[in-house]
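Participant: show me how the following folds:
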Amino acid sequence: MITKIDLPHADVPRVTQQITDVLKLNAQDILCCSAKKNIGIDAIFSKIIDTIIWPQGSVQNPFRARICDCWYDTYKGIICSIQIEDGEVNQGDKVMLFHSNQRFEVLELGLLLPFSVPVSKLHAGHVGYVVLGCRDNKQIFLGDTIIHNRDSSTAPKPAPLPHFSTPARMVYASVYPVDQSSFEEMRTALERLLLNDNSVSVAQESSQALGLGFRCGYLGVLHMNIFQERLFKEFGMPVLVTAPFVPHRAVLKSGKTVEVNKPSEMPAPSDTARVLQPMVDVTVVTPARYLGDLMTLFRDRRGAEREVRYLDNRLVLMKYRMPWAEVVVDFYDVVKNRSSGYASLEYADGGWEPDDVVKVDILLNGKPVDALAFVCNRKQVESRGREILLRLKETIARQQYEVILQAAVGAKIFARERIAPYRKDVLVKGG
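Facilitator: Residues are numbered from 1 along each chain as shown. Below you'll find the model as predicted:
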């Protein structure tokens with residue numbers, strides 16, 4: 001739909017041409033509307049009625065339902081919002097979760113209207129909730145298929161509902177409570193959040209500098225920021241977060257491939273044949289006057305040009321292939337800043353390619369701090385290492401003793417900063 005066509009600067013023919021060129025749609029399928037002047041509203045409702053598919057399941061088929069959402073109740077445990085695709089389910093039935101292979105008894109059923117209305121049976125076409133008496137979020141996956149548990153039956157199990165996949169975590173970061181005494185509270189808060197966001201992976205870890213914490217995997221940096229914001233707003237849990245890390249794959253000289261989800265897991269260079277990094281195919285649509293600045297940005301971020309094409313006399317389509325590590329931190333914000341907010345950015349998985357990456361250790365008075373270690377391209381080692389040391393020098397307060405900050409690759413130290421100690425005040429008696 002093209003909206004707000006009543007505005008004086010609306011250019012409907014040009015926007016329609018851009019949509020047909022970029023999205024490859026027919027111009028007849030594009031709806032134009034203005035809610036302010038009630039233009040095209042009836043056509044939108046007619047299109048919705050004609051296009052949206054109604055429930056296609058049958059009550060006669062074996063029972064299948066999809067888990068759409070979950071939340072936690074103190075007395076009932078985990079409550080699942082479900083969509084009944086086929087068949088019917090009754091209170092007291094034995095059911096099984098197809099992908100997690102967990103078995104439960106249906107303790108309670110209800111309809112969402114949108115308020116909860118308990119019922120004794122749900123059938124195909126219903127959207128409701130189910131209480132299974134489960135309190136462990138690791139046993140329930142969003143998108144999983146619920147079927148009847150008929151171990152004694154000779155009938156084959158129904159096929160699971162489509163579109164379920166294990167999420168691929170593309171960013172990892174360690175999360176630590178600000179106060180170590182609240183570690184168990186943080187564990188409980190994470191378990192509650194994972195109920196309706198099981199795309200996050202959580203594993204406990206410990207750091208000599210920061211204490212006990214969790215290593216979390218996210219779909220991206222935006223996903224990571226939203227998850228941490230929910231942790232603070234919904235549970236009042238302030239946290240310390242390490243720099244985001246993009247997973248790599250290290251191919252050893254023995255032929256074995258190792259998944260590297262944090263810098264400390266990077267194998268020694270003497271044992272590594274090559275390191276693979278994830279790539280992305282980035283597409284940017286921008287006004288032509290920002291083309292030069294964005295091409296410079298792509299070059300600085302190690303992007304390889306695939307296509308630059310003018311859509312019309314105002315807009316340019318840019319396609320580049322670049323490392324995911326260069327996109328994940330602040331690339332979106334920089335693109336918006338350099339284009340005054342007019343550029344549109346999207347990206348797709350580009351597979352894996354070899355890269356010359358090394359692990360950089362940050363040493364504090366000669367001792368490495370695992371939470372500050374990072375992995376980057378060899379050409380960026382010196383600039384990034386010095387940048388981190390300067391930021392640490394500004395952040396760490398002066399002590400009664402000297403603090404030496406160093407950045408090293410293996411045994412080679414390539415950058416050093418010093419935080420001077422406080423001087424002693426000496427009183428000298430006058431003669």
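Participant: next one: stretch 28-39 to chain centre, how far?
Facilitator: Chain-centre distance of stretch 28-39: 35 Å, with Cα atoms, centre = their mean, to the nearest Å.
Participant: report the rounded mean pLDDT for that stretch.
Facilitator: Averaged over stretch 28-39, pLDDT sits at 91.
Participant: repeat for stretch 407-417
Facilitator: Computed over stretch 407-417, the mean pLDDT rounds to 88.
Participant: and what of stretch 98-108?
Facilitator: When pLDDT is averaged over stretch 98-108, the result is 91.
Participant: give me the contact list for it.
Facilitator: The contact list for stretch 98-108 (Cβ atoms under 8 Å, 6 or more residues apart in numbering) reads 76, 89-97, 118, 130-134, 139-141, 144-147, 149, 157, 160, 164. Every C-beta, even on glycine, is put in place using the N, C-alpha and C of the backbone.
Participant: P167 contacts S199, doesn't it?
Facilitator: Yes. Checked against Cβ atoms under 8 Å, the pair P167 and S199 is within contact range at 3.7 Å.
Participant: which neighbours do the two share?
Facilitator: Common contact partners of P167 and S199 (Cβ under 8 Å, 6+ apart): L219.
Participant: residue contacts, the residue most central in space within the chain?
Facilitator: Centrality entry for the chain: nearest residue to the mean C-alpha point is L219, 2.2 Å, by Cα atoms, centre = their mean. By Cβ under 8 Å, 6+ apart, the contact set of L219 is 167-171, 199.
Participant: at 10 Å what do you get?
Facilitator: By Cβ atoms under 10 Å, 6 or more residues apart in numbering, the residues touching L219 are 167-171, 197, 199-200, 227.
Participant: could I get those as JSON lines with distance to N337?
Facilitator: Listed next are the contacts of L219 as JSON lines, based on distance: Cβ to Cβ, whole Å:
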{"residue": "P167", "distance to N337": "30"}
{"residue": "A168", "distance to N337": "29"}
{"residue": "R169", "distance to N337": "28"}
{"residue": "M170", "distance to N337": "23"}
{"residue": "V171", "distance to N337": "21"}
{"residue": "D197", "distance to N337": "29"}
{"residue": "S199", "distance to N337": "29"}
{"residue": "V200", "distance to N337": "29"}
{"residue": "F227", "distance to N337": "25"}
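Participant: restricted to helices, list these.
Facilitator: Among the contacts of L219, the subset assigned to helices under DSSP state H consists of F227.
Participant: of all the contacts of L219, which two lie farthest apart?
Facilitator: A168 and F227 (16.0 Å; Cβ to Cβ).
Participant: neighbour-wise, which of these two wins?
Facilitator: F227 (20 against 11; other Cβ atoms under 10 Å).
Participant: in this structure that one contacts N196, no?
Facilitator: No. If you go by Cβ atoms under 10 Å, F227 and N196 don't touch, sitting 11.2 Å apart.
Participant: from R398, how far off is F164?
Facilitator: Per Cβ to Cβ, to the nearest Å, F164 is found 55 Å from R398.
Participant: who has more neighbours, these two?
Facilitator: Using other Cβ under 10 Å as the criterion, F164 and R398 rank with F164 on top: 15 against 11.
Participant: now the nearest residue to that one once chain neighbours are set aside: how far from F183?
Facilitator: Excluding its sequence neighbours, the residue lying closest to F164 (Cβ to Cβ, 6 or more residues apart in numbering) is G143, at 4.4 Å. Separation of G143 from F183 (Cβ to Cβ) stands at 31 Å.
Participant: and what of V22?
Facilitator: Distance of V22 to F183, given as Cβ to Cβ: 49 Å.
Participant: avg pLDDT for stretch 75-85?
Facilitator: Stretch 75-85 carries an average pLDDT of 92.
Participant: would you list the phi and psi of the residue nearest to the centre of the chain?
Facilitator: phi -70, psi -30 (degrees, to the nearest 10).
Participant: same deal with D73?
Facilitator: According to degrees, to the nearest 10, D73 has phi -120, psi 130.
Participant: so what's it up against?
Facilitator: Counting by Cβ under 10 Å, 6+ apart, D73 makes contact with 79, 131, 135.
Participant: tell me what it is bridged to.
Facilitator: Beta bridges link D73 to G77 when assigned by DSSP bridges.
Participant: how much space between it and Q83?
Facilitator: Between D73 and Q83 the distance is 20 Å, computed by Cβ to Cβ.
Participant: Q28 too?
Facilitator: Q28 sits 33 Å away from Q83, going by Cβ to Cβ.
Participant: can you give me the neighbour number for D361?
Facilitator: Using other Cβ under 10 Å, D361 has 21 other residues around it.
Participant: can you name the residues that contact it?
Facilitator: Taking Cβ under 10 Å, 6+ apart, we find D361 in contact with 263-264, 367-370, 372-374, 385, 406-411, 413.
Participant: which residues in this structure form helices?
Facilitator: Using DSSP H, the helices of the chain run over residues 12-22, 41-51, 183-193, 221-235, 291-300, 324-327, 331-338, 381-395.
Participant: which of these is buried the deepest?
Facilitator: Highest mean neighbour count among the helices of the chain (mean count of other Cβ atoms under 10 Å): helix 324-327, with a mean of 24.
Participant: average pLDDT for stretch 46-64?
Facilitator: Stretch 46-64 shows a mean pLDDT of 89.
Participant: pull the residues that contact it.
Facilitator: Stretch 46-64 is contacted from outside by 1, 29, 31, 40, 65, 83-90, 93, 95, 98, 122-127, 145-148, 150, 155-161, using Cβ under 10 Å, 6+ apart.
Participant: please repeat the previous calculation with a cut-off of 7 Å.
Facilitator: Applying Cβ atoms under 7 Å, 6 or more residues apart in numbering, the contact partners of stretch 46-64 are 31, 85-89, 123-125, 145, 147-148, 158, 161.
Participant: and the end-to-end length of that stretch?
Facilitator: Taking Cα to Cα, to the nearest Å, the first and last residues of stretch 46-64 lie 31 Å apart.
Participant: what do you get for stretch 130-148?
Facilitator: By Cα to Cα, the extent of stretch 130-148 from end to end equals 14 Å.
Participant: pull out the buried positions in that stretch.
Facilitator: Neighbour-count burial for stretch 130-148 flags 130-132, 134, 137, 139-148 (criterion: 16 or more other Cβ atoms under 10 Å).
Participant: picking that back up, R306: which of the contacts of D73 is nearest?
Facilitator: Nearest member of the contacts of D73 to R306, counting by Cβ to Cβ, is I79, at 47.1 Å.
Participant: mind listing what that closest one touches?
Facilitator: By Cβ under 7 Å, 6+ apart, the contact set of I79 is 70-71, 73, 129, 131.
Participant: alright, calling it a day.
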